[in-house]
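Asker: Task: produce atomic coordinates for the following.
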Amino acid sequence: MSTVMGYDTSLSITGVAQIDLGVGAFDQVEAVGWTWGRPKIDAIEDVSPLGMRRRQRAMLREVLALTPDRFDLAVVEGPSMNQKFAALADERAGLRWMLIDQLLARGPVVLLSPKTRALLATDNGNAGKADVHAAVLELFPRAQIPKTGTGRFDVADAAVLAAAGAHALGMPWPGVLSKKQISAHAKVAWPVTTAA
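Answerer: Numbers count the residues shown, from 1 in each chain. The predicted structure follows:
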């Protein structure tokens, strides 16, 4: 069995998704289990470097508590390079790299851009979070992604990231991928490995 993780990091709510892969009918790699989480950290009053570090470390602890000691692949959403510098972008980047540092001790890690994540889910790299969420509910009903509630978009994003990694390890994508989607998936620097 192989395990693939997906992470949509945020300072307030991080989406985490896990897909366990096994060999199913006709010796085909398939998802035999889905789990997800959405750790939440309350806003802080102290925006000093020490206060922000505490917030990052608190989120990091929550996320790592949902992460197995070993996995076959982790897919982390990278920064959105087309947007202007937003408030707390630097702190989010710090959290992302703190997480990647810890994940690398547990298995290989790949960064996937937000545009690629949206494209794989919807065939539109500019799709919004609500569109990605709707697509994930349709593509991966067995994942039981929350339909409502705080953090549902973050969990859906994490599920797409994990599914992209699972696809790289041999899991068929539900439905037919467009040429754009196939090309986007192929451009990711996936590690050379096999699943299940």
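Asker: contacts, neighbours, all on C-alpha from now
Answerer: Noted.
Asker: Give me the distance between the residue nearest to Ala58 when sequence neighbours are not counted and Arg54.
Answerer: Closest residue to Ala58 apart from its sequence neighbours, by Cα to Cα, 6 or more residues apart in numbering: Ile41 at 7.3 Å. With distances taken as Cα to Cα, to the nearest Å, Ile41 is found 11 Å from Arg54.
Asker: Under the pLDDT cut-off, which ranges of this protein? List them.
Answerer: Filtered on pLDDT under 70, the chain yields the residue ranges 81-87, 193-196.
Asker: Try it again at 50.
Answerer: 194-196 (pLDDT under 50).
Asker: Quick one: residues contacting Asp42.
Answerer: Contacts for Asp42 were tallied using Cα atoms under 8 Å, 6 or more residues apart in numbering; they are Ser12.
Asker: if we go to 10 Å?
Answerer: Counting by Cα atoms under 10 Å, 6 or more residues apart in numbering, Asp42 touches 11-13, 55, 58-59.
Asker: Am I right that Gly149 sits in a strand?
Answerer: No: using DSSP: H, G, I helix; E, B strand; the rest coil, the secondary structure at Gly149 is coil, not a strand.
Asker: Run a quick neighbour tally on it.
Answerer: 7 (other Cα atoms under 10 Å).
Asker: what's the answer for the one 10 residues further on, then?
Answerer: Other residues near Ala159 come to 33 when the count uses other Cα under 10 Å.
Asker: Kindly report the same for Ser12.
Answerer: The number of residues packed near Ser12 is 17, by other Cα under 10 Å.
Asker: Enumerate every residue touching the residue nearest to Ala58.
Answerer: Shown here is Ile41, whose contacts under the criterion Cα under 10 Å, 6+ apart are 10-14, 55-56, 58-59, 62.
Asker: Quick one: those as JSON lines, columns for secondary structure and distance to Val29 too.
Answerer: Shown next, in JSON lines, are the contacts of Ile41 (DSSP: H, G, I helix; E, B strand; the rest coil; distance: Cα to Cα, whole Å):
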{"residue": "Ser10", "secondary structure": "coil", "distance to Val29": "31"}
{"residue": "Leu11", "secondary structure": "coil", "distance to Val29": "34"}
{"residue": "Ser12", "secondary structure": "coil", "distance to Val29": "34"}
{"residue": "Ile13", "secondary structure": "strand", "distance to Val29": "31"}
{"residue": "Thr14", "secondary structure": "coil", "distance to Val29": "28"}
{"residue": "Arg55", "secondary structure": "helix", "distance to Val29": "38"}
{"residue": "Gln56", "secondary structure": "helix", "distance to Val29": "36"}
{"residue": "Ala58", "secondary structure": "helix", "distance to Val29": "36"}
{"residue": "Met59", "secondary structure": "helix", "distance to Val29": "33"}
{"residue": "Glu62", "secondary structure": "helix", "distance to Val29": "30"}
